[in-house]
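> Next come a sequence and a model predicted from it.
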Amino acid sequence: MLAFYIHLFDQGWDVLLDKFQMGGDSAKVEKRSTFAVESHTKYIKEVKNGDEVYINLLFLNRDTKRRVYQLEIFSK
């Protein structure tokens, strides 16, 4: 089940990266990319395959090399 939640977060993050021209195409051209260092997952309400969800992204902090953010999934 955890893999499904991670997949949803990955999809939301990919949309954001592409919007800010930091996605796959940019990684090939710029020769740099992003990766997750730490993840915390709380199961408050189960999301099943086929359920529609909102993915909320909140930027908490940044510096020249790092972005600290929080992704949340909410049921529609």
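Thanks, I have the structure now.

> Can you list the buried residues in whichever helix in the chain runs longest?
Criterion DSSP state H: the longest helix present in the chain is helix 2-19. Buried residues in helix 2-19, counting neighbours by 16 or more other Cβ atoms under 10 Å, are found at 5, 8-9, 12-13, 17. (Glycine included, C-beta is placed from N, CA and C.)

> Residues touching it, excluding its own?
23-24, 26, 34, 39, 41, 47, 49, 53, 55, 57, 71, 73 (Cβ atoms under 8 Å, 6 or more residues apart in numbering).

> Same check on stretch 24-37?
Applying Cβ under 8 Å, 6+ apart, the contact partners of stretch 24-37 are 17-18, 22, 67.

> 10 Å instead, please
Around stretch 24-37, the neighbours that count as contacts under Cβ atoms under 10 Å, 6 or more residues apart in numbering are 6, 9-10, 13-14, 17-18, 20-23, 66-69, 71.

> thinking again about what came up before, buried ones from the contacts of helix 2-19, can you make that a PyMOL selection?
Selection of buried members from those for PyMOL, criterion 16+ other Cβ under 10 Å:
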select buried, resi 23+26+47+71+73
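
> Kindly reformat the contacts of helix 2-19 as JSON lines containing secondary structure and pLDDT.
Converted to JSON lines, the contacts of helix 2-19 look like this (DSSP: H, G, I helix; E, B strand; the rest coil; pLDDT from 0 to 100):
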{"residue": "G23", "secondary structure": "coil", "pLDDT": "81"}
{"residue": "G24", "secondary structure": "helix", "pLDDT": "82"}
{"residue": "S26", "secondary structure": "helix", "pLDDT": "82"}
{"residue": "T34", "secondary structure": "coil", "pLDDT": "79"}
{"residue": "S39", "secondary structure": "coil", "pLDDT": "80"}
{"residue": "T41", "secondary structure": "coil", "pLDDT": "79"}
{"residue": "V47", "secondary structure": "coil", "pLDDT": "82"}
{"residue": "N49", "secondary structure": "coil", "pLDDT": "81"}
{"residue": "V53", "secondary structure": "strand", "pLDDT": "88"}
{"residue": "I55", "secondary structure": "strand", "pLDDT": "87"}
{"residue": "L57", "secondary structure": "strand", "pLDDT": "85"}
{"residue": "L71", "secondary structure": "strand", "pLDDT": "85"}
{"residue": "I73", "secondary structure": "strand", "pLDDT": "85"}
